[in-house]
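Colleague: Predicted structure and sequence below. I'll ask about it afterward.
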Amino acid sequence: MSDQEMSDLTLALRTRLQQTPDDAMGWLLLGRIGLANRDLQTSVGAMGKAYALEPNNTDVKLGYAQALMFTSDKTDQNKARELLREVIRTDHTNMRAMSLLAFDAFERGSYEEAIAAWSAMKSLLPEGDSRRQMLERSIAQAEAKLNPVHADKSVEVTVSLAPGVTLPKEGVLIVSAHPADGAPMPLAAKRLPLTSFPVSIELTDNDSMIAERKMSSVRCDCQSPY
């Protein structure tokens with residue numbers, strides 16, 4: 001959808017919800033649109049209303065947890081984890097809840113917890129499922145964080161903002177190094193909270209995304225798009 005189509009959909013949905021404020025699925029949809037537009041205030045508010053209306057709905061719990069997880073408020077983040085664990089206690093095979101918990105654990109530096117969640121997800125998938133490879137890469141990345149090795153090669157990147165660029169209130173900075181052969185998976189990546197710019201970042205083997213292809217094994221030219 002174009003930006004204008006998304007704006008029109010949001011306006012129409014808000015108008016409808018003014019007339020039917022007890023429509024939990026409508027609030028859930030508005031929350032998802034807010035999340036897609038990186039409008040956390042709208043997303044959290046709408047998801048919260050959906051949750052107040054249908055607190056036992058799994059889709060609502062997952063949506064609300066995802067919105068809360070992306071805020072910078074520790075109380076919101078703890079609430080998100082609580083909701084995800086509630087879902088898993090009810091449905092031990094809920095892959096989305098497990099994936100969100102694993103992502104959250106990795107971002108917090110709780111690598112053993114992330115490995116456990118990704119390993120549990122892998123055990124639920126049949127042999128030959130392409131998602132198993134993705135999970136294996138995630139597990140390898142977390143294991144590398146647990147057992148860091150000396151990096152023989154690193155890439156330093158300085159990120160600066162063009163004049164007139166306004167930073168969002170909520171957001172992250174992602175810096176990645178890509179191979180020249182056009183492979184879709186970055187060699188290495190770092191996810192950092194927004195801070196003052198310019199900022200210098202170093203990518204090493206510890207930030208590798210592919211266990212079998214370390215930064216130190218290739219020649220990499222990294223440029224920042226900012």
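Modeller: Thanks, I have the structure now. Numbers count the residues shown, from 1 in each chain.
Colleague: got a list of what the closest residue to Lys122 other than its chain neighbours touches?
Modeller: The shortest distance from Lys122 to any non-neighbouring residue, by CB to CB, 6 or more residues apart in numbering, is to Leu135 (4.5 Å). All C-beta atoms are positioned from the backbone trio N, CA, C, and that covers glycine. If you count contacts by CB atoms under 8 Å, 6 or more residues apart in numbering, Leu135 has them with 118-119, 121-122, 125.
Colleague: which one of those residues is nearest Met47?
Modeller: Nearest to Met47 out of these is Met121 (CB to CB; 23.7 Å).
Colleague: which ones are touching Ser99?
Modeller: Ser99 makes contact with 117, 121, according to CB under 8 Å, 6+ apart.
Colleague: Check it and give its pLDDT.
Modeller: Looking at Ser99, its pLDDT is 95.
Colleague: Buried among the contacts of Leu135? Make that a PyMOL selection.
Modeller: The buried subset of the contacts of Leu135, as determined by 16 or more other CB atoms under 10 Å, is captured in PyMOL by this line:
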select buried, resi 118+121+122
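Colleague: Pick the one among the contacts of Leu135 closest to Ile88.
Modeller: Nearest to Ile88, judged by CB to CB, of these is Met121 at 11.1 Å.
Colleague: ok, and the closest non-adjacent residue to the closest one?
Modeller: Per CB to CB, 6+ apart, closest to Met121 is Met98, 5.1 Å.
Colleague: Can you pull the domain assignment for the chain?
Modeller: 3-146, 155-217 (automatic domain parsing).
Colleague: Return the most buried member of these.
Modeller: domain 3-146 (a mean of 17; mean count of other CB atoms under 10 Å).
Colleague: what's the spacing between that domain and its chain's center?
Modeller: Put simply, domain 3-146 sits 9 Å off its chain's centre (CA atoms, centre = their mean, to the nearest Å).
Colleague: measure it end to end?
Modeller: Chord length of domain 3-146, first to last residue, is 42 Å (CA to CA, to the nearest Å).
Colleague: sorry, back to before: what kind of secondary structure is the residue nearest to Lys122 in?
Modeller: Under the three-state scheme (DSSP: H, G, I helix; E, B strand; the rest coil), Leu135 adopts helix.
Colleague: on that earlier part again, comparing the domains of the chain, which yields the minimum mean pLDDT?
Modeller: Among the domains of the chain, domain 155-217 scores lowest, with a mean of 74.
Colleague: For my notes, confirm the residue nearest to Met121 occurs in a helix.
Modeller: Yes: according to three-state DSSP, Met98 belongs to a helix.
Colleague: Which residue ranges of this protein form helices?
Modeller: Assigned by DSSP state H, the helices in the chain fall at 3-19, 24-36, 40-53, 58-69, 74-90, 95-108, 111-124, 131-146.
Colleague: among these, which is nearest Leu173?
Modeller: The nearest among those, by CB to CB, is helix 95-108 at 13.3 Å.
Colleague: Pull the contacting residues for Arg132.
Modeller: With CB under 8 Å, 6+ apart, Arg132 has these contacts: 122, 125.
Colleague: Lovely, talk soon.
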